[in-house]
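[1] Could you look at this predicted model? Sequence included:
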Amino acid sequence: MSDRHSRKLDQAARAAWLYYIAGNTQDEVAAKLNVSRQAAQRMVSLAVAEKLIKFRLNHPIAEAVALEERLRERYGLTQCTVMPVDPGQPNPIPGIAIAAAEQIETYLESREPTVLGLSTGRTLRAAVAEVMTMNRPEHKTVSLVGAMLRDGRAAPYEVVMSLAERTGASGFPLPTPSVTEAVEEAQVLRAQRSYTRILELVAQTAACFVGVGSIAWNSAFHHDGFVNDAELMELIDLGGVGEIAGRVFNNVGEPLHGAVNDRMVGVPLPILKDCNTIIVGGGDQKVMAIRAALRGTLAKGLITDERTAAAILSLG
């Protein structure tokens, strides 16, 4: 069975669970899976044709879909995808990346001009690598994070231009450092026309796909050079738990004030909170950060894996 056919069966199983077991209407199924009503009908029909439906859902995706429903209900999410885990594969990124790529493709397959926002990170880079090549010059991709580190090096795991190259879209990087040495420098950069243009595009986005980083020693946020040792310890002392687009928040999803957070030049959390922001990520080290972001309603959607979803829900 090809990977694409297998993913099609996974989506069909999700649609069938929502329709037959959770009692959703076809319109509700379509909304939760971010597809048209006709596509939802075809998915349910495929599940029946493939004999995934008996008296109960005869497919391993059932437990993952149940977790999706619980996360939607607890955190008021408009969309949620939980990927099954491979017991022999501790790294959840490959499965999450495929699910994120499929959602990105859904937006970019539209013939209507569409703007997508993206932050950075390993998981998003893996997702972009899974996006099929297409020619959509009418679309735009916009970065939510500065394109370079404070020393002038390119920010690691940049994805906006990579996605633009794969899809023919116009790419709009944020032409600033991700963090500055002084608050005054950050204020000057945020006043530049290039920065306000990015904010204008973000306001037009159909969706913003963001990674979530943890605030911990040797986390990606630390290891990749966004903050140094002293800055990291200060963020931890202030109660920092996670970050989105370089903006740090506490355990209830509230942005931190002071410290290095005031010198970050990424798109502010209140702006992302007003967008159709979708968190893409998973893994034991990110459970607390993702949970905090959801508690603070910093995102309307989540793409994660079964272990991470279960861990988040177990924390109450």
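    In hand now; what should we look at?

[2] what phi and what psi does the backbone show at Pro173?
    Backbone torsions for Pro173, taken as degrees, to the nearest 10, come to phi -70, psi 160.

[3] Show me what the host helix or strand of Glu63 packs onto, helices and strands only.
    Per DSSP states H and E, Glu63 falls inside helix 61-75. The elements that helix 61-75 packs onto, with contact taken as 3 or more C-beta pairs under 8 Å, 6 or more residues apart in numbering; DSSP states H and E, are helix 3-16, strand 79-83, helix 287-295, helix 306-314. Just so you know, the C-beta spots here come from the backbone N, C-alpha and C atoms, and that holds for glycine as well.

[4] how does it look with 6 Å?
    helix 3-16, strand 79-83, helix 306-314 (3 or more C-beta pairs under 6 Å, 6 or more residues apart in numbering; DSSP states H and E).

[5] How far off centre is the last one?
    Distance, stretch centre to chain centre, for helix 306-314: 16 Å (C-alpha atoms, centre = their mean, to the nearest Å).

[6] same question, stretch 186-200
    Remark: stretch 186-200 is offset 24 Å from the chain centroid, using C-alpha atoms, centre = their mean.

[7] Run through who's touching it.
    Among residues not part of stretch 186-200, those counted as contacts by C-beta atoms under 6 Å, 6 or more residues apart in numbering are Leu174, Pro175, Thr176, Thr180, Arg263, Val265.

[8] one step back: okay, the helices and strands packed on helix 61-75 in TSV with distance to Ala206, mean neighbour count and mean pLDDT next?
    Converted to TSV, the helices and strands packed on helix 61-75 look like this (distance: least, C-beta to C-beta, whole Å; neighbours: other C-beta atoms under 10 Å; pLDDT from 0 to 100):
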stretch	distance to Ala206	mean neighbour count	mean pLDDT
helix 3-16	20	18	83
strand 79-83	12	25	95
helix 306-314	25	20	97
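
[9] Tabulate these (CSV), appending distance to Leu46.
    Output for the helices and strands packed on helix 61-75, formatted as CSV (distance: least, C-beta to C-beta, whole Å):
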stretch, distance to Leu46
helix 3-16, 4
strand 79-83, 18
helix 306-314, 22
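
[10] now for those, which one comes closest to Val35?
    With C-beta to C-beta as the measure, helix 3-16 is the member of the helices and strands packed on helix 61-75 nearest Val35 (8.2 Å).
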